[in-house]
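S.K.: what follows is a predicted structure for the sequence shown.
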Amino acid sequence: MKNSSLSESLIVPLLQGQKVNHCLHSCHFSLSPIAAHSHVIFHLCLCSAEFPDLRKHNNCMASNLTPAIYAKLCDRATPNGFTLDEAIQTGVDNPGHPFIKTVGMVAGDEESYEVFAELLDPVIKERHNGYDPRVMKHPTDLDSSKIQSGQFDERYVLSSRVRTGRSIRGLSLPPACTRAERREVERVVVDALSGLKGDLTGKYYSLTQMTEKEQQQLIDDHFLFDKPVSPLLTCAGMARDWPDARGIWHNIEKTFLIWVNEEDHTRVISMEKGGNMKRVFERFCRGLKEVERLIQERGWEFMWNERLGYVLTCPSNLGTGLRAGVHVKLPLLSKDPRFSKILDNLRLQKRGTGGVDTAAVGGVFDISNLDRLGQSEVQLVQTVVDGVNYLIECEKRLERGQDIKVPPPIKLSK
Amino acid sequence: MPFGNTHNKLKLKYTAEQEYPDLSQHNNHMAKVLTSEMYANLRDKETSSGFTLDDVIQTGVDNPGHPFIMTVGCVAGDEETYEVFKDLLDPVIEDRHGGYKPTDKHKTDLNPDNLQGGDDLDPNYVLSSRVRTGRSIRGFCLPPHCSRGERRTIENLSIETLASLEGDLKGKYYALKNMTEEEQQQLIDDHFLFDKPVSPLLLASGMARDWPDGRGIWHNDNKTFLVWVNEEDHLRVISMQKGGNMREVFTRFCTGLTKIEELFKERGHEFMWNEHLGYILTCPSNLGTGLRAGVHVKLPNVSKHEKFGEILKRLRLQKRGTGGVDTAAVGGVFDISNADRLGFSEVELVQMVVDGVNLLVEMEKRLEAGESIDDMMPEQK
């Protein structure tokens, strides 16, 4: 029969080296008499029938995912079983913002960045200013002593903060992890953190077990994180099983904070009121290195490699995963039409004081580094230090009725 | 391939105890039934399309439940789910559907001639009448699990099939992703347009993936017969009209459904159905008939009566606000519909609604006249 020979010829490529086992059901279905109809072709999992409709989309995944790449990658899976469809689901479900180009895909494990390199490499390149993971190396430098002029004028800078993320090698990432893996991440991290001493001595508050009082205190301190509501995150499966194995650790002084199992295995934050960015960064580096030492003692390590630096869930956070920023008063400068250009050239971004997607209140802005990958932690923090100092100078000049200059654009090291 | 994100093989490297969900804060049917022993027994199983236990229960794990309303907390990813995971789903079904046993048989009756009366619910009180159900196309995965290709195939099949409807059922399909602004506005004004689900109960089970790809609305030119494609089920079929002629609504409902089923069969497809569970749908709460027959009815006095809840219970009816489930009644107007889905036929359920609403309207009239309704209290059906 003409139709069944067509079906048979389509079955053969699927069975060869097929890593996914549930195609067998569809193949069986196709051999029955009623499958003589033309739309059985879709039911044989042909990749062209599965290619997402990305015509209304504006994100890095949609810009780079061609039908050819999809066909090549669609039947692959990482050793943990993470597939292309899972990786891109968030980008399919969230067409994107006209002004802000989101990434549109996530990694489910460390291997994702290899198995789906044909898509992830161009996405990384687009997101990180041309950084090519195939040929470039990412520098890691957590030597805070190299920072110069890291004390800001506190009449302008209200607070200073540095954050990054770290993933535990060997365990799947939040979009893909099982409950047991997530609990294991929690156990490994909490165990290590209990070894911190001195000014880093602290306590862990599990989201499932915290008392109402503890919860209120954490809210008042602005430490508590909520179940994600952003569809960018929920569509990637990161909020599954909430609040199981999620929690917050912080030191007694409340200047070093770690989120467990939110968008990454860990988010590490060093912060304090005022403008001593150097001290914030010093604590950040010291704390990170100490945590790393403690997990290594127990036989674990962070996900890191030469191409991509620290491996995190979202490709936008690769490299350093670092966002160093300040809350700074710039009422005059922010009204100057050159403000955006100045920030651009300094490789800085502005956000409202509620974080990403919030508005500035009372002329106070969150100013932080734009870049994550291709420059080291020290380089990025120095960029923020130099940039914020420049912005403060501009503000002062405007206060005095003097004019300001747009600085030349910083050259990105390639 | 069907969508899956539970990585079952990876999980099997961990013990059942390590993977067992924390259900200590939960109040849903799944959480009541799923012990750690049951989890251990079922976790290495999967349906032929790869749907696993964790896929079934994810929505129930992520949504601990409502203090007042007991949600189901599990979904099916394909027809086989109800077999492979019967150890979990049978007790859930029994609990949800009034003691329906694994050995019980469900009766299907879509013959409107078997309905008595129903053509004259008082239009001074009954503002509109509506009957809805769902249907799944055998051989395809259900919305929590289907791939984009499957969903598109279901859409294409539906478009083709519905295009063959004639007479007062003749109509048109509006794909969500292609509709014009004008079409969209008209559908909103007609109260036909469905939105991307926002309920976490639905989102957590993966039903909103790839929205709005493969989704759409078909309705007849008279706007009395409506089909939703690929929302919470493959198909949701709705018959509705203003006024109290429930008989006409139900007749069109049966005629339309029967015709659609015939047309699918001509093309080599059938609906998921079996003797025990009736029509198979995504949510176990919709098994059997999947039928909700209801009216929007003015009951400002009865609804304030202290026995209102008890009356509804005895009549096997439930109330909702006029915006649907989880909404409040406005101006004393309630959505009154059958509480059951499984274990009663379509005709039996619509009969309960017809008889029950007639009684409620009589009670309303009595209370309006300042009279008591104590002698009108119904027996438990």
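M.R.: Perfect, thanks for sending it. Keep in mind the model is a prediction, meaning the values are calculated, not measured.

S.K.: going forward, measure contacts and count neighbours with C-alpha atoms only.
M.R.: Noted.

S.K.: excluding chain neighbours, what is closest to B:Gly214?
M.R.: B:Arg152 (4.9 Å; C-alpha to C-alpha, 6 or more residues apart in numbering or on different chains).

S.K.: and that neighbour, how many neighbours?
M.R.: 21 (other C-alpha atoms under 10 Å in any protein chain shown).

S.K.: which residues in the stretch 201-350 of chain A form strands?
M.R.: Using DSSP state E, counting those that start in this stretch, the strands of the stretch 201-350 of chain A run over A:202-206, A:247-251, A:256-260, A:266-273, A:304-305, A:309-310, A:323-329, A:348-351.

S.K.: am I right that the residue nearest to B:Gly214 sits in a strand?
M.R.: No - secondary structure of B:Arg152 (DSSP: H, G, I helix; E, B strand; the rest coil): helix, not part of a strand.

S.K.: where does chain A dip in pLDDT?
M.R.: Applying pLDDT under 70 to chain A flags the ranges A:1-45, A:354-359, A:413-414.

S.K.: give me the angle between the longest helix along it and strand A:323-329.
M.R.: When chain A is parsed with DSSP state H, its longest helix is helix A:377-399. Here helix A:377-399 runs at an angle of 20 degrees relative to strand A:323-329 (axes from the mean of the first three to the mean of the last three C-alpha atoms, to 10 degrees).

S.K.: elements contacting helix A:377-399?
M.R.: The contact analysis (3 or more C-alpha pairs under 8 Å, 6 or more residues apart in numbering or on different chains; DSSP states H and E) places helix A:377-399 against strand A:323-329, strand A:364-369.

S.K.: residues of the stretch 251-381 of chain B that sit close to chain A?
M.R.: B:268-269 (C-alpha under 8 Å from any C-alpha of the partner chain).

S.K.: list phi and psi for the residue of the stretch 251-381 of chain B found nearest chain A.
M.R.: Per C-alpha to the nearest C-alpha, the residue of the stretch 251-381 of chain B with the smallest distance to chain A is B:Gly268, at 5.4 Å. Main-chain dihedrals, B:Gly268, degrees, to the nearest 10: phi 90, psi 20.

S.K.: distance of it relative to A:Tyr70?
M.R.: Applying C-alpha to C-alpha, to the nearest Å, one obtains 31 Å for the distance of B:Gly268 from A:Tyr70.

S.K.: more neighbours: which of these two?
M.R.: Each of B:Gly268 and A:Tyr70 has its neighbours counted (other C-alpha under 10 Å); A:Tyr70 has more, 20 against 13.

S.K.: so the more buried one belongs to a helix, correct?
M.R.: Yes - if the criterion is three-state DSSP, then A:Tyr70 is within a helix.

S.K.: strands along the stretch 201-350 of chain B, start to end?
M.R.: Using DSSP E, counting those that start in this stretch, strands in the stretch 201-350 of chain B cover B:216-220, B:225-229, B:235-242, B:273-274, B:278-279, B:292-298, B:317-320, B:333-338.

S.K.: measure A:Leu308 to chain B for me?
M.R.: Distance of A:Leu308 to chain B, given as C-alpha to the nearest C-alpha, to the nearest Å: 25 Å.

S.K.: swap in A:Glu292?
M.R.: 25 Å.

S.K.: check A:Leu288 too.
M.R.: According to C-alpha to the nearest C-alpha, A:Leu288 and chain B sit 29 Å apart.

S.K.: so what touches stretch B:166-173?
M.R.: If you take C-alpha atoms under 8 Å, 6 or more residues apart in numbering or on different chains as the criterion, stretch B:166-173 is touched by B:159, B:162-165, B:216-222, B:225, B:256.

S.K.: pLDDT check: weakest of those residues?
M.R.: The lowest pLDDT within these belongs to B:Asn222, with 92.

S.K.: nearest residue to it other than its sequence neighbours?
M.R.: B:Asp168 (7.0 Å).

S.K.: mind checking the SS state of that neighbour?
M.R.: Quick answer, by three-state DSSP: B:Asp168 is helix.

S.K.: tell me, how many residues neighbour it?
M.R.: With other C-alpha under 10 Å as criterion, B:Asp168 counts 14.

S.K.: and for the one 4 residues further on?
M.R.: Residues lying near B:Lys172 (other C-alpha under 10 Å) number 16.

S.K.: now swap in A:Ala192 and tell me
M.R.: 19.

S.K.: would you agree it falls within a strand?
M.R.: No - in this structure, A:Ala192 is helix, not part of a strand, as judged by three-state DSSP.

S.K.: re earlier: need the helices and strands packed on helix A:377-399 in a markdown table with mean neighbour count, can you?
M.R.: Below are those laid out as a markdown table (neighbours: other C-alpha atoms under 10 Å in any protein chain shown):
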| stretch | mean neighbour count |
| --- | --- |
| strand A:323-329 | 26 |
| strand A:364-369 | 24 |
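
S.K.: and the residue of the stretch 251-400 of chain A found nearest chain B, what does it touch?
M.R.: Closest contact between the stretch 251-400 of chain A and chain B, by C-alpha to the nearest C-alpha, is at A:Glu262 (14.9 Å). Neighbouring residues of A:Glu262 by C-alpha under 8 Å, 6+ apart: A:174, A:238-239, A:246.

S.K.: mind running it again at 10 Å?
M.R.: Shown in contact with A:Glu262 (C-alpha atoms under 10 Å, 6 or more residues apart in numbering or on different chains): A:174, A:225-228, A:233, A:238-239, A:242-243, A:245-248.

S.K.: just checking, what packs against the single longest strand found in chain A?
M.R.: Longest strand of chain A, by residue count under DSSP state E: strand A:157-166. Under the contact criterion of 3 or more C-alpha pairs under 10 Å, 6 or more residues apart in numbering or on different chains; DSSP states H and E, strand A:157-166 touches strand A:256-260, strand A:266-273, helix A:277-297, strand A:309-310, strand A:323-329, strand A:364-369, helix A:377-399.

S.K.: give me the sheet partners of the first one and which way each runs.
M.R.: Going back to what we said before, that points to strand A:256-260. Looking at strand A:256-260 with DSSP bridges, its partner strands are strand A:247-251 (antiparallel), strand A:266-273 (antiparallel).

S.K.: now the shortest one, how far from the chain's geometric center?
M.R.: So that's strand A:247-251. Averaging C-alpha positions (C-alpha atoms, centre = their mean, to the nearest Å) puts strand A:247-251 20 Å from its chain's average.

S.K.: who touches that strand?
M.R.: If you take C-alpha under 10 Å, 6+ apart as the criterion, strand A:247-251 is touched by A:186, A:189-190, A:193-194, A:196-210, A:218, A:223-225, A:256-262, A:266-270.

S.K.: list the buried ones in it?
M.R.: Buried residues in strand A:247-251, defined by neighbour count with 16 or more other C-alpha atoms under 10 Å in any protein chain shown: A:247-251.

S.K.: which member of the residues you listed is positioned nearest chain B?
M.R.: A:Gly247 (15.1 Å).

S.K.: contacting residues around the closest residue to that closest one other than its chain neighbours?
M.R.: Nearest non-adjacent residue to A:Gly247, counting by C-alpha to C-alpha, 6+ apart: A:Ser206, 4.2 Å away. Contacts for A:Ser206 were tallied using C-alpha under 10 Å, 6+ apart; they are A:186, A:190, A:215, A:243-249, A:260.

S.K.: residue 121: how many residues sit nearby?
M.R.: The chain I'm using is chain A. A total of 19 residues lie near A:Asp121 under the criterion other C-alpha under 10 Å.

S.K.: chain B, not that one
M.R.: When neighbours are counted by other C-alpha under 10 Å, B:Leu121 registers 24.
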